[in-house]
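Asker: Requesting a structural model of the entry that follows:
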Amino acid sequence: MASLTSICRLPLARPLILRHSLTPIRSFSLQTRIPRTLPVGIHRVHLQWQIVPSPSFWKETKRIFNLAKPETGLLVGAAGFCCMGKIMDFVMIQMGLKVADTELMHLMMSIPLEQLFGGLIGVFGVGAISNFGRIMLMRKAGERIIERLRNRIFDNIIRQDVRFFDENRTGEIISRLSADTVLVGKSITQKFLMVTMMAIIPPIAVAAIYYGRIVRKLSEQTQKATSDTTQEPRESKMYAKETHEVYKLSMKEAFATGTFYSSAGFAGNFVAMAILYYGGSLVADSVITPGELTSFFLYSTYVGFSMLGLSSFYGELMKGVGASSRLFTLLESRGTVQLSQGGKKLENNIAFAYPTRPDAPIFKDLSFTISPGTNVAVVGKSGSGKSSIAQLLLRFYDPDQGAIFIDGHDLQPSLFATTIRENIAYGRPDATDQEIEAAADQANALGFIQNFPGGFETYTGEKGVAMSGGQKQQPSILILDEATSALDASSEYLVQDAMSHIVQGRTVITIAHRLSTIQQADVVVVIEDGRVVEVGPYDELVEKADGKFRKLIEAQLSD
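Answerer: The predicted model follows:
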């Protein structure tokens, strides 16, 4: 049966990722290539995953608020509702806070009770509508910002290669994608409206700036420690240490927050008492009326709450800046695996080292070719790089020098958790139904697709789990990495007997240790010190008196 993932190799399905022919696999080779030219629309990517010096505060703040540009309309509308609500607050102050004035009292008593309460209800209603509109618009803007930021980060993450995940811990990435995005979103929206009702009181403003700087540093440290707790440590002590570190940093942040707000509250209460004391003396001397004192007092309280909002806004903004530097680093990271359409010129010698061990090269000068339909056993001492060949063949990594070619093309079949139609049209989202059916027919997959109850709308499941292996692909190459190393002799025989039927007509690459597995291979490739030192049939290599392969076999038999 035809391979469904071979559809993805068609120029229709994946024109910007790879290009495969539908002819049988003729050869497999590991060779060097000159860097390939990328097709139009594909950007060359390079991994530079490191924390760079943080830009200035204002530059980072500008980048944060640039994220909110698409939501300008919502934010302006929310600010309008906020202003409307504050106007209603001032109206209430004018209507109800000077009731101690004789003239105002007489005026209110002259208004019919129904009209008076009707006016108050109207003011309350407008205020309620203003609050509802403000909350809804701000929440909508905030959620959109968080959603867009997460989508952009996730879109960048899935474009990374395995090297990226080797060099960066999964828990830290998850923390940035979840917690940090919320912090940035809140820093933009949660306190945005405070700007519309702030007055400047120098002592509190200075304290707010100092407090914000402390919170920014603590926020960065807390977020980093939080990310460490999601690394699934191997030992419970390590996990307990990380959670305790989060606790200590959170306590420091809580202490700074509590100190600031308690000090600000005490100062506010002290100022209020001073106003009442001095204002009371002015009322006693008939300099001002009780209503004027009440109005002044409540206006002062109103400004004080605005300044409290200013300090809170600044603190939240600092948290957002601390988290944004990590998010922007994640957004700007690029992978090393370059998308291309194939090599142009071929030479020999593959070199490769794992990104976590760049000073310990696995391959220095590796090159060999496997004919189609051949059963090849790759042997060598532990640590010689046998399993690394499978990693390179699957393109989990790209060689530092050289390339892996399968019939002259990279092999990257995959299925996404969506419909068959969307899988086929992955490289051409605007493909018509006729083009999709033609691509399926060209890949000899149209028949079994139409046999599904949903046809092209059938959901494939995550990585194609809803489909059989044959429906996903009829592999031309099988890679077996010590497939029977953990089995006893009887179980190994059963597995090998079943595999003997599966491997017919296919190219098989076996990372082998057991002698029984090696003996079944058509060709044996011996690797030592990152190079191929011997290649040939089992019987031929085992007869070489001083051969590397014979020494490996003798060492295995002597154990």
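Asker: how is the protein carved up into domains?
Answerer: When the chain is parsed into structural domains using automatic domain parsing, the resulting residue ranges are 5-40+339-413+473-558, 57-332.
Asker: Please tell me how far residue 490 sits from residue 519.
Answerer: Shown here: residue 490 relative to residue 519, a distance of 18 Å by C-beta to C-beta, to the nearest Å. For glycine as for every other residue, the C-beta is placed from the backbone atoms N, C-alpha and C.
Asker: following the host helix or strand of residue 365, which helix or strand comes up?
Answerer: Taking DSSP states H and E as the definition, residue 365 sits inside strand 363-366. The element immediately downstream of strand 363-366 (helix or strand, assigned by DSSP H and E) is strand 369-370.
Asker: Partner strands of the strand or helix carrying residue 527, with direction?
Answerer: Mapping residue 527 onto the secondary structure by DSSP H and E places it in strand 523-528. Sheet pairing here is set by DSSP bridges, and for strand 523-528 it gives strand 375-380 (parallel), strand 531-536 (antiparallel).
Asker: With mean pLDDT, mean neighbour count and distance to residue 505 as added columns, please give those strands in JSON lines.
Answerer: What follows is the strands paired with strand 523-528, written out as JSON lines (pLDDT from 0 to 100; neighbours: other C-beta atoms under 10 Å; distance: least, C-beta to C-beta, whole Å):
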{"stretch": "strand 375-380", "mean pLDDT": "82", "mean neighbour count": "24", "distance to residue 505": "11"}
{"stretch": "strand 531-536", "mean pLDDT": "85", "mean neighbour count": "16", "distance to residue 505": "22"}
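Asker: For these, give me JSON lines that also has distance to residue 441.
Answerer: Rendered in JSON lines, the data for these read as follows (distance: least, C-beta to C-beta, whole Å):
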{"stretch": "strand 375-380", "distance to residue 441": "33"}
{"stretch": "strand 531-536", "distance to residue 441": "41"}
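Asker: Tell me who's in contact with residue 351.
Answerer: 361, 363-366, 399-402 (C-beta atoms under 8 Å, 6 or more residues apart in numbering).
Asker: Apply 6 Å and report the result again.
Answerer: Residues touching residue 351, when contacts are defined by C-beta atoms under 6 Å, 6 or more residues apart in numbering, comprise 363-364, 400-401.
Asker: Determine which two of the residues you listed are furthest apart.
Answerer: Of all pairs drawn from the contacts of residue 351, the widest gap by C-beta to C-beta lies between 364 and 400 and measures 10.1 Å.
Asker: neighbour count winner among residue 490 and residue 519?
Answerer: Summary of the neighbour comparison: residue 490 and residue 519, criterion other C-beta atoms under 10 Å, with residue 519 having more neighbours (14 against 8).
Asker: Pull the number of nearby residues for the residue lying closest to the more buried one once chain neighbours are set aside.
Answerer: Among residues not flanking residue 519 along the chain, residue 538 sits closest, at 5.7 Å (C-beta to C-beta, 6 or more residues apart in numbering). Residue 538 is flanked by 19 other residues according to other C-beta under 10 Å.
Asker: Help me confirm that residue 538 comes into contact with residue 524.
Answerer: Yes: counting by C-beta atoms under 6 Å, residue 524 is a contact partner of residue 538 at 5.4 Å.
Asker: Neighbours of residue 553, how many?
Answerer: Burial measure for residue 553: 18 neighbouring residues, criterion other C-beta under 10 Å.
Asker: Look up how far residue 489 lies from it.
Answerer: 18 Å.
Asker: Please apply the same query to residue 518.
Answerer: Using C-beta to C-beta, residue 518 is found at 15 Å from residue 489.
Asker: Same question for residue 286.
Answerer: From residue 286 over to residue 489 the distance is 111 Å, taken as C-beta to C-beta.
Asker: for residue 429, same thing?
Answerer: Using C-beta to C-beta, one gets 53 Å for the distance from residue 429 to residue 489.
Asker: Over to residue 516?
Answerer: 8 Å.
Asker: for residue 479, same thing?
Answerer: Taking C-beta to C-beta as the measure, residue 479 falls 24 Å from residue 489.
Asker: That concludes my questions; thank you for your assistance.
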